[in-house]
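Q: Just to be clear, the model below is a prediction. Sequence and coordinates:
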Amino acid sequence: MSSPGSRPVSPAAASQLNLRGAVDLSALRRPAAPPPAPPVQGSGAAAPGRGIPDGGVQDPAAEEARRPLRVDANEANFQDLVELSARIPVLFLLWASYSPESGTLLQSLENVVESYDGRIVLAAADIDAFPQLADAFRIEAVPTAVAVLKGRPLPLFQGPAAEQEIRALLDELLKVAAENGVTGSVRGESSAPQEAPVPPLHQAAFDAIEAGDYAAAAQAYRQALSEQPADREAKAGLAQVELMGRLEAISAPQAEALRQQAAQEPDNLDAQLAIADLDVSGGHIDDGFNRIIAFIGRNFGAERETARVRLLELFDVVGVADERVAKARQGLARVLF
């Protein structure tokens with residue numbers, strides 16, 4: 001993993017943030033005996049063992065005002081940070097001591113995040129000490145910034161970035177967070193927007209997801225749709241939990257075997273749909289869509305309809321406003337008509 005020369009973020013990229021279609025990190029488990037958090041090198045503000053800003057003892061208001069907005073992410077506290085992202089956006093910076101840009105960017109991010117007064121938390125992760133996080137976020141170089149909302153990652157930028165560009169992305173991140181009900185603050189801002197009440201069946205689905213019971217979550221979403229057929233959030237949620245349930249049943253060795261089978265048997269419906277699920281969940285959205293569209297173009301009858309329905313479900317997972325969905329819809333129309 002090497003440091004990039006320069007890949008600054010453009011403010012225009014802020015409008016591309018989309019919570020749907022990102023991989024859900026909430027299923028990652030905390031190891032039983034994690035190593036201690038290492039100090040950050042070169043930032044001038046690091047301290048070993050920093051805790052989670054929103055966890056532990058309930059502090060009075062005066063103590064809340066002093067809560068740090070920077071935490072060193074490691075295997076021990078990663079799950080807590082993912083859970084915190086349900087209330088406050090968590091900005092992960094993946095850095096390495098061999099990258100000269102890492103310390104400079106970390107200091108800039110600390111300054112910028114501090115100006116948001118608790119509405120964003122910065123989590124600095126040394127990839128040498130926590131390589132699993134680099135794998136989970138699929139990063140190719142350091143430093144890389146990735147936001148997490150409700151347990152789902154949103155890639156922001158890689159390499160150095162100017163403060164103005166960082167602020168443009170974080171402003172957009174907070175808009176996306178508000179649209180998804182993530183409006184908390186670790187410093188207890190009284191002026192922070194209040195989260196809208198969650199419909200009971202949606203809450204039941206969320207609780208089931210946290211318990212790892214995707215079947216129960218799907219049932220709750222189906223009931224919500226039976227009562228409100230136009231509930232787009234329930235429709236998207238149902239598609240997502242059904243995908244998560246299918247992925248849960250596929251082990252790593254099975255995934256490799258399925259890929260070989262799909263390559264050898266292009267008209268094997270189950271294999272093609274399984275690999276499309278893996279592609280979409282892994283961020284290879286176009287590959288997953290195109291795989292199903294190609295199958296539909298070669299086949300007819302019940303299998304073709306099954307593939308079409310699955311493709312529409314994956315559209316809901318990614319988000320109907322996503323440009324990749326619009327492109328795939330055009331491809332689907334071409335093979336159907």
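A: Now that the structure is in, tell me what you want to look at. This structure is a prediction, so every number in the text was calculated from the model and none was measured.
Q: Show the residue spans covered by the helices in the stretch 151-300 of the chain.
A: Counting by DSSP state H, counting those that start in this stretch, the stretch 151-300 of the chain has helices at residues 163-179, 200-210, 214-227, 232-248, 252-264, 269-281, 285-298.
Q: now what about the second one, what contacts it?
A: Outside of helix 200-210, the residues within contact range by CB atoms under 8 Å, 6 or more residues apart in numbering are 26, 198, 214, 216-218, 220-221, 223-224, 227, 233-234, 237, 241, 244. In this view, the C-beta of every residue, glycine as well, is placed from N, C-alpha and C.
Q: ok, of the residues you listed, which one's closest to residue 186?
A: residue 26 (19.4 Å; CB to CB).
Q: Highest mean neighbour count out of the helices of the stretch 151-300 of the chain?
A: With neighbours defined as mean count of other CB atoms under 10 Å, the helices of the stretch 151-300 of the chain peak in mean count at helix 269-281, which reaches a mean of 21.
Q: re earlier: wait, which of the contacts of helix 200-210 is closest to residue 145?
A: residue 26 (20.1 Å).
Q: Wait, residue 101 touches residue 159, no?
A: Yes. Using CB atoms under 8 Å, residue 101 is in contact with residue 159, at 6.6 Å.
Q: wait, residue 129 sits on residue 74?
A: Yes. The pair residue 129 / residue 74 is scored as a contact, 6.6 Å apart, by CB under 8 Å.
Q: Between those two, which has more neighbouring residues?
A: Ranked by neighbour count (other CB atoms under 10 Å), residue 129 and residue 74 place residue 74 first, with 23 against 17.
Q: Check whether that one really touches residue 130, as I assumed.
A: Yes. Using CB under 8 Å, residue 74 makes contact with residue 130 at a distance of 5.5 Å.
Q: and which of the contacts of helix 200-210 is nearest to residue 321?
A: Of all the contacts of helix 200-210, residue 321 sits closest to residue 233, with 13.6 Å by CB to CB.
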